[in-house]
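J.: let's see this in three dimensions:
(one chain, ligands or ions: 1)
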Amino acid sequence: MLGNCPDIRYSVRVGIFLKLKGKTGLSTQKQVINNFKKVCICRSVTGGTIMKAIREGSLSFEALRRAIRVGTGNCKAKRCRPKIEAQLLAYKESLEQSGKKAPSSKANV
Ligand code: FES
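T.: Just a heads-up that it's a prediction; the model follows:
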């Protein structure tokens, strides 16, 4: 019943936005929206979940597949693999630009 109250829904959204902004350094609204978009439609995996797994050390598509089961749906990653690989590439480039090291990976392949 409380979930239908517009004030509470707004507060939850703002809370999630601030939480994400604090954790990821996200600055634009578009980046926040991308965190909630489903990238792997078959498995209902959002961009934020994928980004979290990448930051925790899954730095290849196969590592992500094992960690969060993206690309294991009916389409066999035909729809999501290009988007996920672009996300991986962007992350690696941002690491290079900032001079940071990649997190130690659990399952990089
Ligand atoms: S969209 Fe990811 S497996 Fe189909």
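J.: would you mind listing what in this protein touches the ligand?
T.: Within the chain, the positions near the ligand by Cβ under 6 Å from any ligand atom are Cys40, Ile41, Cys42, Arg43, Val70, Gly71, Gly73, Cys75, Ala77, Arg79, Cys80. Quick note: C-beta positions are derived from backbone N, CA and C, even for glycine.
J.: let me know the pLDDT of the second one.
T.: Model confidence at Ile41, given as pLDDT, is 96.
J.: what sits against it?
T.: Gly73, Cys75, Arg79, Cys80 (Cβ atoms under 8 Å, 6 or more residues apart in numbering).
J.: helices of the protein, start to end?
T.: 6-24, 29-36, 47-55, 61-68, 81-98 (DSSP state H).
J.: domain ranges for this protein?
T.: 1-36, 38-109 (automatic domain parsing).
J.: in this structure, which helix or strand is least confident?
T.: helix 6-24 (a mean of 60; mean pLDDT, DSSP states H and E).
J.: any stretches of this structure with poor pLDDT?
T.: Low-confidence segments of the chain, defined by pLDDT under 70: 1-27, 105-109.
J.: centre of the chain to stretch 81-101, how far?
T.: The chain centre lies 12 Å from the centre of stretch 81-101; the measure is Cα atoms, centre = their mean, to the nearest Å.
J.: for that stretch, list every residue counted as buried.
T.: Arg81, Lys83, Ile84, Gln87, Leu88, Tyr91 (16 or more other Cβ atoms under 10 Å).
J.: before we move on, what about stretch 63-79?
T.: Result for stretch 63-79 [16+ other Cβ under 10 Å]: buried residues Ala63, Leu64, Arg65, Arg66, Ala67, Ile68, Val70, Gly71, Thr72, Gly73, Ala77.
J.: now that stretch - C-alpha only, CSV.
T.: Once non-C-alpha atoms are left out, stretch 63-79 reads as follows in CSV (Å, rounded to 0.1, in the frame of the first residue of the first chain):
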residue,chain,number,x,y,z
ALA,A,63,33.8,-13.7,-16.8
LEU,A,64,30.5,-11.7,-16.7
ARG,A,65,28.7,-14.7,-18.1
ARG,A,66,29.9,-16.9,-15.3
ALA,A,67,29.4,-14.2,-12.6
ILE,A,68,26.0,-12.8,-13.4
ARG,A,69,24.7,-15.1,-16.2
VAL,A,70,24.4,-12.4,-18.9
GLY,A,71,24.3,-13.9,-22.4
THR,A,72,22.9,-17.2,-21.3
GLY,A,73,19.3,-16.5,-22.4
ASN,A,74,17.3,-17.7,-25.4
CYS,A,75,19.1,-15.5,-27.9
LYS,A,76,22.5,-16.8,-26.8
ALA,A,77,23.9,-13.2,-26.4
LYS,A,78,23.1,-12.1,-29.9
ARG,A,79,21.3,-9.0,-28.6
